[in-house]
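Participant: Provide a 3D model corresponding to the input given below.
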Amino acid sequence: DVQLVESGGGLVQPGGSLRLSCAASGFTFGSYYMSWFRQGPGKEREGVARIHTLGSITTSTDSVKGRFTLSRDNAKNTVYLQMTSLKPEDTAMYYCAAGRSWSLRETAYDYWGQGTQVTVSS
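Facilitator: Numbering: from 1, shown residues only. The predicted structure follows:
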């Protein structure tokens with residue numbers, strides 16, 4: 001069975017850091033683009049960052065540029081989202097997703113995790 005399992009979320013103060021992990025199984029991880037999405041309270045889900053199959057190319061949405069870094073380890077079937085300088089507006093459920101199209105549109109992704117909650121608050 002295909003599984004994407006996120007971990008690493010939690011409560012952090014503004015300005016703090018967290019590293020999210022997403023462990024994949026049940027499909028050929030190295031052949032899939034990986035992305036992180038988030039959905040804040042009362043908001044639609046939005047694409048945050050994506051990474052190419054070999055990890056050589058990443059893109060991110062403007063609101064997280066310079067603060068969030070995406071990486072992947074194909075030997076461990078895991079993708080990471082390093083988040084720094086966190087802001088209250090980063091509070092959201094964070095989801096990882098796997099797809100075969102280079103896109104941040106939700107419809108481009110075949111597999112989704114259950115999400116991990118990130119709360120930024122003092």
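Participant: rest of the way, CA atoms for contacts and neighbours
Facilitator: Fine.
Participant: show me the contacts for the residue nearest the centre of the chain.
Facilitator: Closest to where the C-alpha atoms of the chain average out (Cα atoms, centre = their mean) is Trp36, at 2.5 Å. By Cα atoms under 8 Å, 6 or more residues apart in numbering, the residues touching Trp36 are 47-50, 81, 94-97.
Participant: Excluding chain neighbours, give the residue nearest to it in space.
Facilitator: Cys96 (4.4 Å; Cα to Cα, 6 or more residues apart in numbering).
Participant: what pLDDT, on average, does whatever helix or strand the residue nearest to the centre of the chain lives in get?
Facilitator: Secondary structure assignment for Trp36, by DSSP states H and E: strand 33-39. Average pLDDT, strand 33-39: 96.
Participant: Alpha carbons only: can I get the helix or strand just after that strand in CSV?
Facilitator: Using DSSP H and E, the next helix or strand after strand 33-39 towards the C-terminus is strand 46-51. Output in CSV follows, covering the C-alpha atoms of strand 46-51 (Å, rounded to 0.1, in the frame of the first residue of the first chain):
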residue,chain,number,x,y,z
GLU,A,46,-1.9,26.0,-0.8
GLY,A,47,1.3,24.7,-2.3
VAL,A,48,4.3,25.6,-0.2
ALA,A,49,7.3,24.1,-2.0
ARG,A,50,8.2,21.3,-4.4
ILE,A,51,11.3,19.4,-5.2
